[in-house]
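Enquirer: Dropping a prediction and its sequence here:
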Amino acid sequence: MNKFGKRQGKMQHKFIIGLLVLGVGLSVVVSIVIANYYRSSMEEYYSKVAFNEAEIAADTIDGDKIAGYAKTLEKDDYYYQINDYLLKIKNTVGLEYFYVVIPEEEQMYYIWDAGTEEEGGICELGTYEDYYGDGHQIMRGAFLNPGEKTILITNNDEYGYLASAYVAILDSNGNAVALSCIDISMDMINEQISQFLITVVLFIAGIIVLFIAGYYIMLRKTVLDPIARLNRAAKSIDGEDLEALSTLQVDIRTGDELEYLSESFEHMAHDLCRYITNLTDVTAEKERIGTELNVATKIQASMLPCIFPAFPERDEFDIYASMTPAKEVGGDFYDFFLVDDDHLAMVMADVSGKGVPAALFMVIAKRFSKTAPKRAFRQRRCLKR
């Protein structure tokens, strides 16, 4: 697998991992929100049920008889009738505890506690018991302020998850004499929430898997495959195969930025082909001109005196010269020659300008400089004679 293949795989993994993280995060958030909403709704529902039953019981029980039961601790038919009524309501509705107490300062005093001997833990008439949790303030508040809707939500290891309702029982004078108390267990809410969360997580996981599969197919079709075609097109570019470069096409029809990128890539490839063609022509022309200039350099150098010693037969003097042009050819030149046995002519000149024009003028000037002095010298000798 080439580097692009590895990177392509990494890109796919990144998208999939990103979707998984998004799905897990969404599942957690949705589960928490729904679980909290469900818990709040169920607490409100059970609290309402508990309060309604406690209120019905408070209206049913004769408050004038409670003081007598608390004082004498003697049970009559009415006492057992109310006890059966409370037990029936408890079993029918599914209450955890249904009891009637007098909330004193430090403890609560039991009048009724609906239950059977098999259940155990039933408080008989006249039994004192400590308050639990915030029950002291809540129950005393409900007793001292009849008519208020008093609800207590508790969740502890001793009694479990309970919704408790307290309604004052009034005597014929309208005074609070006891509290009708109901506790409904809400432990099943935690179980229901756990089952619900498992269902939600599995459902969302299935949706996420389907979504990832569909999204991956779409992603591969609209992003990954076009990128792969662009990569193959880029790897196929060969500066030596100009025909293939000039006809290069990237078949991407996504209707988005990738299609625009492919068109720009094709345009770049065609421009590159034209650039390479022009560069090849310019390079060839430059090489041709360079070759010709090298020849011209050699020709120009050969036109200058280059054999030394120039006059090996003359011992009375010696001469040497060299020239390094600024460009391949130039307008500077020198020359020396014997006009006769007694006269040596030396020429040094600098033609204005550089390059080929100056070199051409230098050739003409050099030719003239070598013939003109000899002709002038012969004419002068003739005039002397």
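Expert: Ah, there it is.

Enquirer: can you give me the strands in the stretch 101-250 of the chain?
Expert: 107-113, 128-130, 150-156, 160-170, 176-185 (DSSP state E, counting those that start in this stretch).

Enquirer: which stretch in those strands has the least confidence?
Expert: Of all these, strand 150-156 carries the lowest average pLDDT, namely a mean of 85.

Enquirer: Name every sheet partner of that strand and say whether each one runs parallel or antiparallel.
Expert: strand 160-170 (antiparallel) (DSSP bridges).

Enquirer: In the partner strand, which residues are buried?
Expert: 161-170 (16 or more other CB atoms under 10 Å). In short, each C-beta sits where N, CA and C put it, glycine included.

Enquirer: and if you look at stretch 195-215?
Expert: Buried, per 16+ other CB under 10 Å, within stretch 195-215: 197, 204, 208, 212.

Enquirer: what does stretch 84-102 give?
Expert: Going by neighbour count (16+ other CB under 10 Å), the buried part of stretch 84-102 is 85-87, 89-90, 95-102.

Enquirer: wait, which of the residues you listed is closest to Leu344?
Expert: Lowest distance from Leu344 to those (CB to CB) belongs to Glu96, with 138.9 Å.

Enquirer: bridging residues for the closest residue to the closest one other than its chain neighbours?
Expert: In space, and not counting its chain neighbours, Glu96 is closest to Ser185: 4.1 Å by CB to CB, 6 or more residues apart in numbering. Per DSSP bridges, the residues bridged to Ser185 are Leu162.

Enquirer: Next: Cys181.
Expert: Beta-bridge partners, per DSSP bridges, of Cys181: Tyr99, Tyr166.

Enquirer: That one contacts Met139, correct?
Expert: Yes: at 7.4 Å, Cys181 and Met139 qualify as touching, with contact defined as CB atoms under 8 Å.

Enquirer: Quick check: which helices or strands does the host helix or strand of Val21 pack against?
Expert: In the assignment (DSSP states H and E), Val21 maps to helix 3-60. Judged by 3 or more CB pairs under 8 Å, 6 or more residues apart in numbering; DSSP states H and E, helix 3-60 is in contact with helix 77-93, strand 97-103, strand 150-156, strand 160-170, strand 176-185, helix 187-219, helix 225-235.

Enquirer: what's the distance between Asp77 and Asp64?
Expert: From Asp77 over to Asp64 the distance is 16 Å, taken as CB to CB, to the nearest Å.

Enquirer: Likewise for Ser352?
Expert: Counting by CB to CB - Ser352 and Asp64 are separated by 140 Å.

Enquirer: just the angle between the helix holding Val21 and strand 97-103, please?
Expert: If you take axes from the mean of the first three to the mean of the last three CA atoms, to 10 degrees, helix 3-60 sits at 60 degrees to strand 97-103.

Enquirer: Quick check: what element follows helix 3-60 along the chain?
Expert: helix 66-72.

Enquirer: CA-only coordinates of that following helix, as CSV, when you get a sec.
Expert: What follows is helix 66-72, C-alpha atoms only, in CSV (Å, rounded to 0.1, in the frame of the first residue of the first chain):
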residue,chain,number,x,y,z
ILE,A,66,-57.6,10.0,68.0
ALA,A,67,-57.2,11.8,71.3
GLY,A,68,-59.0,8.9,73.1
TYR,A,69,-56.8,6.2,71.4
ALA,A,70,-53.7,8.1,72.4
LYS,A,71,-54.8,8.4,76.0
THR,A,72,-56.3,5.0,76.7
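
Enquirer: Would you mark the buried spots in that helix?
Expert: Per 16+ other CB under 10 Å, helix 66-72 contains these buried residues: 66, 69-70.

Enquirer: got it, and stretch 37-44?
Expert: Quick answer for stretch 37-44 (16+ other CB under 10 Å): 39, 42-43.

Enquirer: And for stretch 100-118?
Expert: 100-103, 108-115.

Enquirer: hmm, which two among these are most spread apart?
Expert: Farthest pair in those, by CB to CB: Pro103 and Gly115, 19.8 Å.

Enquirer: where in the stretch 51-200 of the chain is pLDDT low?
Expert: Scanning the stretch 51-200 of the chain for pLDDT under 70 picks out 134.

Enquirer: any idea which of the buried residues of stretch 195-215 is closest to Asp335?
Expert: So of the buried residues of stretch 195-215, ranked by how close each gets to Asp335 (CB to CB), first place is Ile212, at 90.2 Å.

Enquirer: For Leu22, see how far away that closest one is.
Expert: Counting by CB to CB - Ile212 and Leu22 are separated by 10 Å.

Enquirer: Likewise for Met218?
Expert: Met218 is 16 Å from Leu22, where distance means CB to CB.

Enquirer: Neighbour count: these two, which is higher?
Expert: The neighbour comparison of Met218 against Leu22 (other CB atoms under 10 Å) goes to Leu22, with 13 against 10.

Enquirer: Give me the pLDDT for that one.
Expert: pLDDT, read off for Leu22, is 78.

Enquirer: before we move on, what about the one 3 residues further on?
Expert: Gly25 is assigned 80 on the pLDDT scale.

Enquirer: Tell me how many other residues surround it.
Expert: Residues near Gly25, counting by other CB under 10 Å: 10.

Enquirer: Likewise for Leu125?
Expert: Neighbour tally, Leu125, other CB under 10 Å: 18.

Enquirer: so who does it touch?
Expert: For Leu125, the contact set (CB atoms under 8 Å, 6 or more residues apart in numbering) comprises 69, 73, 75, 79, 110-112.
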